[in-house]
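Trainee: need coordinates for the below:
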Amino acid sequence: MPRKSRAKVEEMRKLSDVDLDKEIEDTYRNYFSLKLQKETLQLTNHRQPPAVKRKIARLLTIKRQREITRVAQAEGQES
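Mentor: Prediction:
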């Protein structure tokens with residue numbers, strides 16, 4: 001993975017849960033806007049939608065990793 005992407009992912013990991021949810025929502029809105037632009041032939045950069053989809057996937061992955069960590073910690077405390 002290129003260094004820029006690693007830096008961006010590290011910044012995403014530093015977000016709080018609320019900020020992470022907000023970033024996911026904003027990114028979904030951006031993706032929806034790009035899809036509309038593509039359908040109306042107004043999109044100038046055809047590489048943007050796949051990049052935004054990857055960002056959504058990264059954000060959702062981080063969110064899921066946090067959920068798994070919470071569950072594992074909760075199970076560890078029960079023992």
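
Trainee: name the helices or strands packed onto the helix or strand that contains K55?
Mentor: Per DSSP states H and E, K55 falls inside helix 48-78. Other helices and strands packing on helix 48-78, by 3 or more Cβ pairs under 8 Å, 6 or more residues apart in numbering; DSSP states H and E, are helix 3-14, helix 17-39. The C-beta positions use only the backbone N, C-alpha and C, and glycine is treated the same way.

Trainee: any chance of CSV for the ones you listed, columns mean pLDDT, distance to T61 and mean neighbour count?
Mentor: Shown next, in CSV, are the helices and strands packed on helix 48-78 (pLDDT from 0 to 100; distance: least, Cβ to Cβ, whole Å; neighbours: other Cβ atoms under 10 Å):
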stretch, mean pLDDT, distance to T61, mean neighbour count
helix 3-14, 84, 9, 11
helix 17-39, 97, 11, 13
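
Trainee: list the buried ones in the helix holding K55?
Mentor: Within helix 48-78, the residues that qualify as buried by neighbour count (16 or more other Cβ atoms under 10 Å) are 49, 52, 55-56, 58-59, 62-63.

Trainee: ok so, going back, would you mind giving the helices and strands packed on helix 48-78 as CSV with distance to T69 added?
Mentor: Shown next, in CSV, are the helices and strands packed on helix 48-78 (distance: least, Cβ to Cβ, whole Å):
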stretch, distance to T69
helix 3-14, 12
helix 17-39, 12
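
Trainee: and the helix holding K55, how far from the chain's centre?
Mentor: Counting by Cα atoms, centre = their mean, to the nearest Å, helix 48-78 is centred 9 Å from the centre of its parent chain.

Trainee: any idea of the mean pLDDT for that helix?
Mentor: Helix 48-78 carries an average pLDDT of 94.

Trainee: could you give the angle of it to helix 17-39?
Mentor: Counting by axes from the mean of the first three to the mean of the last three Cα atoms, to 10 degrees, helix 48-78 lies at 160 degrees to helix 17-39.
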